[in-house]
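Visitor: Have a look at this prediction, sequence included:
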Protein chains: 4
Amino acid sequence: MNTASTESLHGVIPPLVTPIDDDGEVDRRSLEKLVAFQLDAGVHGVFLGGSTGEVALLDGARQRAALEVAVGVVAGAVPVLAGAIDTGTLRVVDQARRAQETGADAIVVTAPFYVSPHPSEIVAHFRAVHDAIDVPVVAYDIPSATAVAVGAGVVCELAASGTVVATKDSSGDFAGFRRILREAPGLPAFTGSELFADSAVALGAAGIVPGLGNIDPHGYVRLYEAAKSGDLAAAAAEQDRLARLFDITTVADRGRIGHTASALGSFKAALSLRGAIANAATLPPLAPLTGTELSAIRAILDEVGLAQIE
Amino acid sequence: MNTASTESLHGVIPPLVTPIDDDGEVDRRSLEKLVAFQLDAGVHGVFLGGSTGEVALLDGARQRAALEVAVGVVAGAVPVLAGAIDTGTLRVVDQARRAQETGADAIVVTAPFYVSPHPSEIVAHFRAVHDAIDVPVVAYDIPSATAVAVGAGVVCELAASGTVVATKDSSGDFAGFRRILREAPGLPAFTGSELFADSAVALGAAGIVPGLGNIDPHGYVRLYEAAKSGDLAAAAAEQDRLARLFDITTVADRGRIGHTASALGSFKAALSLRGAIANAATLPPLAPLTGTELSAIRAILDEVGLAQIE
Amino acid sequence: MNTASTESLHGVIPPLVTPIDDDGEVDRRSLEKLVAFQLDAGVHGVFLGGSTGEVALLDGARQRAALEVAVGVVAGAVPVLAGAIDTGTLRVVDQARRAQETGADAIVVTAPFYVSPHPSEIVAHFRAVHDAIDVPVVAYDIPSATAVAVGAGVVCELAASGTVVATKDSSGDFAGFRRILREAPGLPAFTGSELFADSAVALGAAGIVPGLGNIDPHGYVRLYEAAKSGDLAAAAAEQDRLARLFDITTVADRGRIGHTASALGSFKAALSLRGAIANAATLPPLAPLTGTELSAIRAILDEVGLAQIE
Amino acid sequence: MNTASTESLHGVIPPLVTPIDDDGEVDRRSLEKLVAFQLDAGVHGVFLGGSTGEVALLDGARQRAALEVAVGVVAGAVPVLAGAIDTGTLRVVDQARRAQETGADAIVVTAPFYVSPHPSEIVAHFRAVHDAIDVPVVAYDIPSATAVAVGAGVVCELAASGTVVATKDSSGDFAGFRRILREAPGLPAFTGSELFADSAVALGAAGIVPGLGNIDPHGYVRLYEAAKSGDLAAAAAEQDRLARLFDITTVADRGRIGHTASALGSFKAALSLRGAIANAATLPPLAPLTGTELSAIRAILDEVGLAQIE
């Protein structure tokens, strides 16, 4: 994919989970099935190696393996985005180059973390990655994971200098997201929010990158189409249904497992219950969900009308 | 070095900076000189690939190169500790194995980060690393970098199960550190604090892992010996002098660069001014200090009596 | 005003600033003028003693004086809300009773703060205030000030038990706000956001409580009417204009004054420049804006078309 | 007490709890008994209306009642400090004046809160309070409650200008506390830490303001005397015993009640179990401890050798 085509990034681009088999390796077959399921639902791209893909828990080999599978199944039908998410510039450049070689159409990059960067250092980081690779860079703001915000001001600066071709905003800060829409109107801006995607699209967001899209891509495609066509009532109704589905992320007992284990574990559990992947396992050190928690997820799937696929 | 010897980890173990040459590669010659300077000052170990060593900004090759140099120069004289600091278990195991192969005597591991782990998941992480390698593991608590605390309770649990052989506490939480001394009395506990090392050693800390030790290892060795021998007045006087030296970390204009760039940049600048390393450069994306800031550092070095070495 | 009428709380309810004269007393004349200006613009209520009213900096006498003036000028035309915002239950009950006596139609209450309450203790706090007074209670979530969130779950619980008759959400968390709309559909929910008020109203919010409404009540009334009538393009255009106006809150040099001084100082400065109040002074310990900063505010007022009133 | 005498503030100055009777009023008889118990144990001052005294939950009448009782029982034997702790300057001046009238020898003041002050605004706050009253001001840094740190730099500035005559540091930041000792050597500096009081006094702290001192003033007086006389082993042994006693603050189920309810509730429960006060009740909205939790506290009291008093 060339830069021109990524400039038109839009629509629903789910950050795919990375299915894991009993040996802890990437379950290629499940991932193939998952990608096919997404394409069949009409998604406009897929994102490998994001937070939902457990990027922080993958080693290089597994990260590459997952990307390879997706590139193969997608076969150019839609853009394939790949995360290059790490603490420092050299590491991110390494990841980005490998992803480019493996066939990614664009590289998704967060603020550097662990090293408490100043906004000017965040800008320098994105520039260095941009200069080191031949595919475009997408900014990714997720302070809940990195503990440092990219911020709307930096995103606008990166857009103005042509350093990034799009942005994914998982900050939860809707006011900041609207500042990007207002001050960088030419930049395709994606919300990472599962919960106010309709409002974002109605206001001009290019699209949605929802972790929950793994489980219900049809729902997010419907929401996107409705919001884009101006049918906000239909979009909001779909959003409310998806918000109920999102309750799967909070069934786990947080006295026992962490937030990430709870959320990503619920995504994989729901995909496994729907038959989209074989195994709900997450990577170490994330703790698994219990049988009771799985039952609660199953009940929510039933409630919102999500059956076994195929 | 075998496990028996790391059980007796003690004293001053500076987390060494990673000198970088004009091409952005590890400056092996500077690192050799720095290690020799440290050994000459009487340090009781060295720690490669810690936060001060810009571990989060190194790629694998540079991380290995630095460790190799240190292992070679140290030549068994003191323990060589190596950081395996990353977001997830698979990545940390990879790093730890490579460090073991390169000759590290013990592996220093933080809480996993980016993934908001529950304490039980932090425990699982340390156990998995412990089980994957043949050299001992040292716990490292640095929530200012990881945004998640290991916590005194988890450290005590890891000590009780034999999962770690020592701990480095850079939490700044002196009450928590004392809880470790009290509840895990058999565990060598090192403070990462540059600023209350005398109190820590007087109360039974096994030693000190001070970033500032790069610049003045003689000072920290004097402080350690004084505190250990019960001469608290001498230890406190040395501590006050080192606290003044630590002011180099705050000369930079924080409206321009981040905390890490300010602190690590000042360490490298001071080492460069003392002639211990050739070049004050840090790794991307950290911004450099200005000439004015370097002058302020030089003035502080003069004030506390630190001249050119050799 | 009776409970029945507050159940229909809706529309634009600006949290009024408290004008201060040269002696540090409430400038009653300016406040009369400000209230009249608001009513003339068509606001649907006024809120005295909120964060924007410097409630935390007022003593009891000034708090009462300001409320008295507003009750007098409003004379029953619209509801008058009054903040009872303090650290603990006894203090809040005292404030609430005084406000009721002074003529407030409803009392706006935050989570207790300084005392790190559990959600169940926040619920107990609201119940105790509810039981102690005869006018209805409005929940107010503003974690940026209190450092503790009320949270959507607690708001829904308070709505279900009839403890509160409305909620003001200044959390910035649009996903949480939508949860309240979804799970407590009978509760009038007001957004405190100046920056996504159009989206909130379009989705069913009862109204807006915008600090910026002091300066441009006409703008927020237009936005509210447009969003309510389904003309989202017009609402969004007005929102964008108001977002530009909101930039007055960031002109101050934050190396010199705090966030509150910067924001509230800019509101009073803009009101003073428009001639709505006589004096831009804030209460101690807030630092004043500089002449340069005032000029920047004047330029923004000009840009968005806000002239002297009358 | 005149300024000269507060300049020599030193030793153990417990921040007293405020006993509450069945009607929710200050239990004067219990407070008299508690003050007498403290004086009998040899404390060097008492502090009314601090965080431990539930200052944030008291109204003005109860705050004054408690101070009155203490002033009466102490009768000039030791200094009586009183908190004037509130969000803004006018409120704090009001509280401070009332406390002065009631007989306080010095007024203890935190950073203003709710209003995110800049350090220069914190300085202005302390100056305004200093100028408004005739008794000396003590700085009190407790960011866990106020969500804003005074900071060592501001404390040193306040000391240099004679604005405060002492400081209480409950920041938990031992490095910052040592900076005050180093850079404001003439300022009596008290640690609010229950857990590293021995180290603080050994290094030159003027004394200790420990909430836990309510329950075991004899222990803190022994610790203080030992640390001051240079017998650090004895001080540390006492500190370890008191650290075990401090475990009473963590017996409560934090899934049910907040941190403050857990800590202050345990103090009052232990005092009640020792017979020093009649009733363990806290003020609203703090939730009470359970019977099981009280039993756990009783077991700890037994373990560290604290019996019924008298």
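Guide: Ah, there it is.

Visitor: can we go C-alpha only for contacts and neighbour counts from here?
Guide: Will do.

Visitor: Alongside chain B, which residues does the stretch 51-200 of chain A contribute?
Guide: The stretch 51-200 of chain A has residues A:56-59, A:87-91, A:94, A:113-118, A:120-122, A:124-125, A:144-147 near chain B, with proximity defined as C-alpha under 8 Å from any C-alpha of the partner chain.

Visitor: try it again with 7 Å
Guide: For the stretch 51-200 of chain A, the contact set with chain B under C-alpha under 7 Å from any C-alpha of the partner chain comprises A:56-59, A:87-91, A:114-118, A:121, A:124-125, A:145-147.

Visitor: Just the ones of the residues you listed in helices?
Guide: A:T89, A:L90, A:R91, A:E121, A:A124, A:H125, A:A145, A:T146 (DSSP state H).

Visitor: How many residues are close by the third one?
Guide: Per other C-alpha atoms under 10 Å in any protein chain shown, the neighbour tally for A:R91 reads 19.

Visitor: can you check the last one too?
Guide: The local packing count at A:T146 equals 25, with neighbours defined by other C-alpha under 10 Å.

Visitor: just the strands in the stretch 151-300 of chain A please.
Guide: Using DSSP state E, counting those that start in this stretch, the strands of the stretch 151-300 of chain A run over A:166-169, A:189-191, A:207-208.

Visitor: got the ones you listed as CSV, with mean pLDDT columns?
Guide: Output for those, formatted as CSV (pLDDT from 0 to 100):
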stretch, mean pLDDT
strand A:166-169, 98
strand A:189-191, 98
strand A:207-208, 98
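
Visitor: Output these in TSV; the columns should cover distance to chain C.
Guide: Output for the strands of the stretch 151-300 of chain A, formatted as TSV (distance: least, C-alpha to the nearest C-alpha, whole Å):
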stretch	distance to chain C
strand A:166-169	14
strand A:189-191	12
strand A:207-208	15
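
Visitor: looking at those, which is closest to D:T18?
Guide: Evaluated over those, closeness to D:T18 peaks at strand A:166-169, with 48.6 Å, by C-alpha to C-alpha.

Visitor: So which residues make contact with that closest one?
Guide: Outside of strand A:166-169, the residues within contact range by C-alpha atoms under 7 Å, 6 or more residues apart in numbering or on different chains are A:V138, A:A139, A:Y140, A:D141, A:I142, A:F177, A:L187, A:P188, A:A189, A:F190, A:T191, A:G192.

Visitor: which one among those gets closest to chain B?
Guide: Set against chain B, the nearest of those by C-alpha to the nearest C-alpha is A:I142 (9.7 Å).

Visitor: So, low pLDDT: which residues of chain A?
Guide: Within chain A, the ranges that satisfy pLDDT under 70 run A:1-7.

Visitor: Now do the helices in it.
Guide: A:3-7, A:28-41, A:60-74, A:89-102, A:119-132, A:143-146, A:152-160, A:174-183, A:197-202, A:217-228, A:232-246, A:259-274, A:291-303.

Visitor: taking the ones you listed together, which one is wrapped up most tightly?
Guide: helix A:197-202 (a mean of 26; mean count of other C-alpha atoms under 10 Å in any protein chain shown).

Visitor: got the CA coordinates for it in PDB?
Guide: Extracted C-alpha coordinates of helix A:197-202, given in PDB (Å, rounded to 0.1, in the frame of the first residue of the first chain):
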ATOM      1  CA  ALA A 197     -17.600   6.200  18.600                       C
ATOM      2  CA  ASP A 198     -21.000   7.500  17.200                       C
ATOM      3  CA  SER A 199     -20.400  11.000  18.400                       C
ATOM      4  CA  ALA A 200     -16.800  11.000  17.100                       C
ATOM      5  CA  VAL A 201     -17.800   9.900  13.600                       C
ATOM      6  CA  ALA A 202     -20.800  12.300  13.500                       C
END
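
Visitor: ok, the residue in chain A positioned nearest to chain D - how many residues close by?
Guide: Closest residue of chain A to chain D, C-alpha to the nearest C-alpha: A:G255 (8.7 Å). A:G255: 10 surrounding residues under other C-alpha under 10 Å.

Visitor: Could you single out the nearest of the contacts of strand A:166-169 to D:E32?
Guide: Nearest to D:E32 among these, counting by C-alpha to C-alpha, is A:I142 at 54.9 Å.

Visitor: Surely the closest one is in contact with A:G172?
Guide: No - the criterion here is C-alpha atoms under 7 Å, and A:I142 misses it with A:G172 at 8.5 Å.

Visitor: now the residue in the stretch 151-300 of chain A positioned nearest to chain B: how far from A:L286?
Guide: Residue nearest to chain B within the stretch 151-300 of chain A: A:G258 (4.3 Å; C-alpha to the nearest C-alpha). Using C-alpha to C-alpha, to the nearest Å, A:G258 is found at 8 Å from A:L286.

Visitor: So between these two, which is more surrounded?
Guide: For A:G258 and A:L286, the more surrounded residue by other C-alpha under 10 Å is A:L286, and the numbers stand at 29 against 21.

Visitor: what residues are up against the more buried one?
Guide: A:L286 neighbours (C-alpha under 7 Å, 6+ apart): A:A261, B:E121.

Visitor: can you check the one 10 residues further on too?
Guide: Under the criterion of C-alpha under 7 Å, 6+ apart, the neighbours of A:A296 are A:V251.

Visitor: now swap in A:E194 and tell me
Guide: A:P210, A:L212.

Visitor: now the end-to-end length of stretch A:127-138.
Guide: 12 Å.

Visitor: So what touches that stretch?
Guide: Applying C-alpha under 7 Å, 6+ apart, the set of residues contacting stretch A:127-138 is A:3, A:93, A:97, A:100, A:105-109, A:163-167.

Visitor: Kindly recompute the last result at 8 Å.
Guide: Residues from elsewhere that reach stretch A:127-138, judged by C-alpha atoms under 8 Å, 6 or more residues apart in numbering or on different chains: A:2-3, A:6, A:89, A:92-93, A:96-97, A:100, A:104-109, A:126, A:163-168.

Visitor: And that stretch, how far out from the chain middle?
Guide: Chain-centre distance of stretch A:127-138: 19 Å, with C-alpha atoms, centre = their mean, to the nearest Å.

Visitor: What sits closest to A:A202 if chain neighbours are left out?
Guide: A:A227 (5.2 Å; C-alpha to C-alpha, 6 or more residues apart in numbering or on different chains).

Visitor: wait, isn't the one you found in contact with A:V201?
Guide: Yes - using C-alpha atoms under 8 Å, A:A227 is in contact with A:V201, at 5.9 Å.

Visitor: Which neighbours do these two have in common?
Guide: Counting by C-alpha under 8 Å, 6+ apart, no residue touches both A:A227 and A:V201.

Visitor: what's the distance between the closest residue to A:V251 other than its chain neighbours and A:G211?
Guide: In space, and not counting its chain neighbours, A:V251 is closest to A:E293: 6.0 Å by C-alpha to C-alpha, 6+ apart. According to C-alpha to C-alpha, A:E293 stands 19 Å off from A:G211.

Visitor: Same check on A:A287?
Guide: 19 Å.

Visitor: okay, these two: which has more neighbours?
Guide: The neighbour comparison of A:A287 against A:G211 (other C-alpha under 10 Å) goes to A:G211, with 26 against 21.

Visitor: touching chain C at all, stretch A:153-162?
Guide: No - residues of stretch A:153-162 are not located near chain C by C-alpha under 8 Å from any C-alpha, the shortest gap being 12.6 Å.

Visitor: Which residues does that stretch contact?
Guide: A:119, A:122-123, A:126, A:139, A:164-167, A:180, A:183-184, A:187.

Visitor: how far is it from where the chain is centred?
Guide: 21 Å.

Visitor: Render the CA-only coordinates of that stretch in PDB, please.
Guide: This file holds the C-alpha atoms of stretch A:153-162, laid out as PDB (Å, rounded to 0.1, in the frame of the first residue of the first chain):
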ATOM      1  CA  GLY A 153      -1.100  19.900  20.600                       C
ATOM      2  CA  VAL A 154       1.600  17.400  19.600                       C
ATOM      3  CA  VAL A 155      -0.700  15.500  17.300                       C
ATOM      4  CA  CYS A 156      -1.600  18.800  15.500                       C
ATOM      5  CA  GLU A 157       2.100  19.600  15.200                       C
ATOM      6  CA  LEU A 158       2.900  16.100  13.800                       C
ATOM      7  CA  ALA A 159       0.100  16.500  11.300                       C
ATOM      8  CA  ALA A 160       1.200  19.900  10.200                       C
ATOM      9  CA  SER A 161       4.800  18.700   9.500                       C
ATOM     10  CA  GLY A 162       3.500  15.600   7.700                       C
END
